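**Q** build the 3D model from these lines:
(one chain, ligands or ions: 1)
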Amino acid sequence: MQNNNIKNLISVPRSGQHVTEQALRIYYKLIAKEYYYCEYYSCCNCRPCKKCPSAYQKNHDFQIGTKNEIKINDTEKYIFFFRDNILQQIESHYRLTLVESKKIPHTNLKIDYNNLIKINNFKKFIIQHIEYYKKIYVKYLNYKNNNMLHIEYDNYIKNFSSSFEKILDFFDLPIDKIHIQYVKAHIQPELLYKISSEDSYYNELNIFIHEEMNKID
Ligand SMILES: [Zn+2]
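**A** All right, here's what the predicted structure looks like:
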């Protein structure tokens with residue numbers, strides 16, 4: 001089979017892809033192995049990567065639900081990066097798109113959803129993306145074979161060393177605790193700003209998301 005070496009790093013946007021790419025890059029250097037990472041969207045848009053078929057490959061599986069979605073098979077390895085809290089997940093993705101469209105200056109900026117226009121714009125984003133989120137969580141979290149590793153973002157960042165060790169082990173890499181500490185010190189895994197249950201609008205948005213999700217079969 002042509003693509004049985006793809007190392008799939010499937011993530012919902014802003015759930016650990018970037019930190020993993022950086023951490024693996026440093027670790028490979030420490031163990032003196034060649035490292036290939038395919039950005040997919042800005043690289044070849046092709047599975048496996050056209051430049052290096054055995055590369056670690058980023059993907060968000062945005063085409064989920066269409067014939068172009070990723071078909072999970074047991075000859076490839078997959079890590080699925082996600083956040084347990086769907087409101088925090090979608091809100092972080094939303095802030096990223098605002099940065100990309102130059103509406104806000106940086107991705108960690110707190111948005112005040114007490115502003116009616118701002119909350120309504122975010123609700124529109126939720127409606128546009130809720131089907132993707134529902135499908136991708138179900139697809140990857142319900143797949144429990146040992147060629148799939150689930151990495152939850154908050155837990156990943158809080159327990160970086162043990163989580164990263166799991167990732168290394170999953171890809172059959174040698175485990176070196178001192179190297180892992182070096183990686184941790186260099187990437188300084190940090191929690192991105194997240195909307196909080198203390199925020200006055202948290203409940204309204206959380207209920208809205210779950211209502212929208214329940215509308216989808
Ligand atoms: Zn590529």
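
**Q** and the pLDDT at the residue lying farthest from the centre of the chain?
**A** Relative to the centre of the chain, the most outlying C-alpha is that of Leu116, 29.1 Å out, by CA atoms, centre = their mean. Turning to Leu116, the model gives it a pLDDT of 97.

**Q** roughly how far does it sit from Phe81?
**A** Taking CB to CB, to the nearest Å as the measure, Leu116 falls 33 Å from Phe81. Using the backbone N, CA and C atoms, a C-beta is placed for each residue, glycine as well.

**Q** hang on, the earlier thing: who are the neighbours in contact with the residue farthest from the centre of the chain?
**A** Contacts for Leu116 (CB atoms under 8 Å, 6 or more residues apart in numbering) come out as none.

**Q** now the helices for this protein?
**A** Secondary structure of the chain (DSSP state H): helices located at 17-30, 86-100, 116-141, 153-158, 160-170, 177-187, 202-214.

**Q** Lys58: which of these is closest?
**A** helix 17-30 (5.7 Å; CB to CB).

**Q** enumerate the residues of the protein near the ion.
**A** Applying CB under 5 Å from the ion, we find that the chain lies next to the ion at 38, 43-44, 49.

**Q** run through the chain and note the low-pLDDT ranges.
**A** Scanning the chain for pLDDT under 70 picks out 1-4.

**Q** could you measure from Ile119 over to the ion?
**A** 38 Å (CB to the ion, to the nearest Å).

**Q** for the ion, see how far away the residue lying closest to that residue once chain neighbours are set aside is.
**A** Excluding the flanking residues, the one nearest Ile119 by CB to CB, 6 or more residues apart in numbering is Tyr113, at 4.2 Å. Distance, Tyr113 to the ion, using CB to the ion: 37 Å.

**Q** tell me how far stretch 201-217 lies from the chain's centre.
**A** Put simply, stretch 201-217 sits 21 Å off its chain's centre (CA atoms, centre = their mean, to the nearest Å).

**Q** list the buried residues in that stretch.
**A** 201-202, 205-206, 208-209, 212 (16 or more other CB atoms under 10 Å).

**Q** tell me what the residue lying closest to Tyr41 once chain neighbours are set aside is bridged to.
**A** Leaving aside its chain neighbours, Tyr41 sits nearest to Lys58 (7.5 Å; criterion: CB to CB, 6+ apart). Applying DSSP bridges to Lys58 gives these bridge partners: Leu9.
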